[in-house]
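Peer 1: no sequence on this one, just coordinates:
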């Protein structure tokens, strides 16, 4: 079965529709999705010297993005509320997603976090909010939060960030399609269909 | 007839496929296209403090963009050669395009300039290269170059830049669709179909 890596960051606006679309679109083409959470902040800082979202730094870009998100979510029938706080801290959510990767609920957990952030304007750095999402997807908050704080999970998230940089990523969502010894990189929710088509073709 | 404004900059890579696709796609939906050349450099400088293309400033972004352009041009069957010089100086080409707006050849001239820049790796700041394109589209290089240097045309290009900023643009290609008292802004070659659909709907 062909595979596609989905690289996402919970604070990334355009990763929200991508996360909600990817499994359905990939399944329709017989493509397997590997969910790869990472933190984009360190990458933005290292590559662009940014200490805030580019959408906050460049006002015109931010204004456009929020309107674009409204249009996209409307077309996809996804709930959308512009969050009062942007970007949110996503370290705990990303670590929990990696626990979910071991438990089999990374995709549903990740969709839940995006819905909370951009559909319901909830604080996704709040353990109570994340605990509810873990419960909703069938996890065990006490055990899963403990594991999220383990050295293994912390190292795994750091390793994802290093791999993202090594593979040429500079933002989220990004899609990697294996090709020969290397891979093809696609960036942005609007490249999802194309990435799946490339993966299906192999 | 519904109308759509196409805002473009000759140094903008993604404006190349947009320029070659827009008239055909818009005509199929009964949408009229108004070609609006502008200089994006001053906008980048004012909004982002940039003095070079963001694709040169952020290496990973540039590497991705050139590969993405290859894929797009291949899919659209457009010739593509990565230019040795990027970005090129586009002041004279943009002024000539505004002369073309008065003469009726702005669209074909603009497509010619993009093909020269990104399909043939020609120097589009070279008057000889531009003179040939003016001839190819039925213009009169001597008269048209003289007019391109007129105060009227210089002022018109500056006014386009000011209007771009006032209307919230932050890059190229951008598309503006009139809506009520205002307009909808779409950014990027990958938003062209959506912009045309919005224009056709009105």
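Peer 2: Yes, it's here. Just so it is clear, the structure is predicted and the values come from calculations on it, not from any experiment. Numbering: from 1, shown residues only, chains lettered A, B, ... in the order given.
Peer 1: what about the helices in chain A?
Peer 2: A:15-28, A:41-48, A:54-57, A:59-76, A:91-103, A:106-114, A:127-136, A:141-148, A:151-166, A:192-201 (DSSP state H).
Peer 1: quick one: which of those is nearest chain B?
Peer 2: helix A:59-76 (4.0 Å; Cβ to the nearest Cβ). Where you see a C-beta, it was placed from the backbone N, CA and C, and this is true even at glycine.
Peer 1: run the angle between that closest one and helix B:41-48 for me.
Peer 2: 90 degrees (axes from the mean of the first three to the mean of the last three Cα atoms, to 10 degrees).
Peer 1: contacts for helix A:59-76 next, please.
Peer 2: Helix A:59-76 has contacts (Cβ atoms under 8 Å, 6 or more residues apart in numbering or on different chains) with A:13-14, A:16-17, A:20-21, A:53-56, A:78-80, A:82, A:118, A:189, B:47, B:165, B:168-171, B:184-187, B:194.
Peer 1: how about the residues of chain A that lie near chain B?
Peer 2: A:47-48, A:57-61, A:63-64, A:67-68, A:71, A:165, A:168-171, A:184-188, A:190-191, A:194 (Cβ under 8 Å from any Cβ of the partner chain).
Peer 1: show the buried residues in those.
Peer 2: A:47-48, A:57-58, A:60-61, A:64, A:68, A:165, A:168-171, A:184-188, A:190-191, A:194 (16 or more other Cβ atoms under 10 Å in any protein chain shown).
Peer 1: tell me where the model's unsure across chain A.
Peer 2: A:202 (pLDDT under 70).
Peer 1: ok so, going back, possible to save the helices of chain A as a markdown table with distance to residue B:133?
Peer 2: Listed next are these as a markdown table, based on distance: least, Cβ to Cβ, whole Å:
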| stretch | distance to residue B:133 |
| --- | --- |
| helix A:15-28 | 40 |
| helix A:41-48 | 36 |
| helix A:54-57 | 35 |
| helix A:59-76 | 32 |
| helix A:91-103 | 51 |
| helix A:106-114 | 47 |
| helix A:127-136 | 57 |
| helix A:141-148 | 60 |
| helix A:151-166 | 42 |
| helix A:192-201 | 32 |
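Peer 1: closest to residue B:107 out of those?
Peer 2: Closest to residue B:107 of the helices of chain A, according to Cβ to Cβ: helix A:59-76, at 25.5 Å.
Peer 1: just the angle between the closest one and helix A:15-28, please?
Peer 2: 40 degrees.
Peer 1: now helix A:59-76: how far from the chain's centre is it?
Peer 2: 18 Å (Cα atoms, centre = their mean, to the nearest Å).
Peer 1: do the same with stretch A:89-103
Peer 2: 11 Å.
Peer 1: quick one: buried residues of that stretch?
Peer 2: A:89-90, A:92-101, A:103.
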